[in-house]
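Asker: missing the sequence, but the structure's below:
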Ligand code: CAA
């Protein structure tokens, strides 16, 4: 028995697919809600590909992969999430889109369903207020790549119940993660500390202090970080980085959060990082 027998994930992007992989790997039944049949098939393929890579590396038996995949399904109908015990939304970092989805989930899902958001910066209380079950709404924030990164931030609003928070913690532990509780402030712990650093790296590049390769090498070698700031920005997605900085700036008004002009221009140019195959670096696939 797992804390939440069946899990719904809304969104078929990097985070949706990574969280789905993590959850099926730890024995949960998962259904992913995608916007189109094409994106539904594509998220299925990306989970399959990631699991196959683990088999190739000898970390997983292929029979185990088949068993994991038998716990995963995809849909384009929100009604297919109605019986889930927990639903995590992982859609674009836009409050109007997330509000609409959380409201639709509140209408469709059974009364006991816990509704969670993987948002990095949007106030959870604003999403909770869109439902008739604010005590069952919290943040469950995974990090990219979700199957690898150990941390899950569990976000407590002013009105969420202790039971919901405890259940979210137990779910994260079942997924093999290390949950840390944090209150409902933009950026929570990690992004509030990480994004000024990433933003300042871009500003340093704009000032021609060093090349992007030089800055990345310096932060890996000098601080022991697994990736330098530009490689990490490309992994996170420059559109996501811009949305996070804008939310932090709006919440705290600190100029340190004001997005570097180059970041804004790159997003306007649709240079979004790995997902568009071009960001600070170029990617073959
Ligand atoms: N899915 C599944 N497994 C993956 C993976 C993915 N997308 N990416 C990497 N892995 C696995 C690899 O298979 C490998 O597993 P084994 O060691 O068991 O073989 C392991 O992770 C290490 O990967 P690699 O050997 O390919 O490369 P690496 O050692 O350079 O690690 C990395 C890659 C894990 C991404 C590492 O560079 C890293 O930890 N980077 C920092 C990532 C980070 O800071 N993430 C947080 C971003 S902020 C965020 O997510 C918050 C937000 O709200 C935006």
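Answerer: Arrived safely, thanks for sending. As the structure is a prediction and not an experimental result, all values here were calculated from the model. Numbers count the residues shown, from 1 in each chain.
Asker: just the helices in this structure please.
Answerer: Assigned by DSSP state H, the chain shows helices spanning 14-25, 37-56, 62-70, 95-108, 124-128, 162-174, 190-206, 212-223, 229-236, 238-252, 261-268.
Asker: now do the first one and helix 238-252, the angle between them.
Answerer: In other words, helix 14-25. Using axes from the mean of the first three to the mean of the last three Cα atoms, to 10 degrees, the direction of helix 14-25 lies 100 degrees away from that of helix 238-252.
Asker: for helix 14-25, packing partners?
Answerer: strand 6-10, strand 29-33, helix 37-56, helix 62-70, strand 137-142 (3 or more Cβ pairs under 8 Å, 6 or more residues apart in numbering; DSSP states H and E). In this view, the C-beta of every residue, glycine as well, is placed from N, C-alpha and C.
Asker: again with the shortest one
Answerer: If you count contacts as 3+ Cβ pairs under 8 Å, 6+ apart, helix 124-128 packs onto helix 95-108, strand 114-117, strand 137-142.
Asker: that helix near the ligand at all?
Answerer: No - Helix 124-128 is not in contact with the ligand by Cβ under 6 Å from any ligand atom; minimum separation 13.8 Å.
Asker: so residue 5 sits right up against residue 83, yeah?
Answerer: No - contact criterion Cβ atoms under 8 Å: residue 5 and residue 83 do not qualify, at 9.4 Å.
Asker: so where is the protein shaky, pLDDT-wise?
Answerer: In the predicted model of the chain, residues 285 satisfy pLDDT under 70.
Asker: next to the ligand, which bits of it? Give me the list.
Answerer: Counting by Cβ under 6 Å from any ligand atom, the chain sits next to the ligand at 50, 53, 57, 59, 120, 143-145, 147-149, 191, 226-227, 232, 236, 240.
Asker: and the buried ones among these, selectable in ChimeraX?
Answerer: Buried residues within the residues of the chain next to the ligand, by 16 or more other Cβ atoms under 10 Å, are selected in ChimeraX with:
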select :50,120,143,147,191,232,236,240
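Asker: from the helices of the chain, which stretch is densest packed?
Answerer: Among those, the stretch with the highest mean neighbour count (mean count of other Cβ atoms under 10 Å) is helix 14-25, at a mean of 24.
Asker: sorry, back to before: so which of the helices of the chain is nearest residue 88?
Answerer: helix 14-25 (6.2 Å; Cβ to Cβ).
Asker: contact partners of that closest one?
Answerer: Outside of helix 14-25, the residues within contact range by Cβ atoms under 8 Å, 6 or more residues apart in numbering are 7, 9-10, 30, 32, 43, 46-47, 50-51, 68-69, 71-72, 88, 90, 118, 142, 144-147, 175-177, 237, 275.
Asker: what angle separates that helix from helix 229-236?
Answerer: Going by the same axes, to 10 degrees, helix 14-25 makes 70 degrees with helix 229-236.
Asker: what angle separates helix 14-25 from strand 6-10?
Answerer: Using the same axes, to 10 degrees: helix 14-25 against strand 6-10 is 170 degrees.
Asker: just how off-centre is helix 14-25 within its chain?
Answerer: 10 Å (Cα atoms, centre = their mean, to the nearest Å).
Asker: residue contacts, residue 155?
Answerer: Per Cβ under 8 Å, 6+ apart, neighbours of residue 155: 124, 138-141, 181-184, 188.
Asker: out of those, which two are the most distant from each other?
Answerer: Using Cβ to Cβ, the two most remote members of the contacts of residue 155 are 140 and 183, lying 14.7 Å apart.
Asker: how about the helices and strands packed on helix 14-25 in CSV, adding distance to residue 76?
Answerer: Shown next, in CSV, are those (distance: least, Cβ to Cβ, whole Å):
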stretch, distance to residue 76
strand 6-10, 11
strand 29-33, 7
helix 37-56, 6
helix 62-70, 19
strand 137-142, 23
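Asker: and the ones you listed: which comes nearest residue 102?
Answerer: Among these, strand 137-142 sits nearest to residue 102 (Cβ to Cβ), with 7.2 Å.
Asker: now that closest one: how far from the chain's centre is it?
Answerer: 10 Å.
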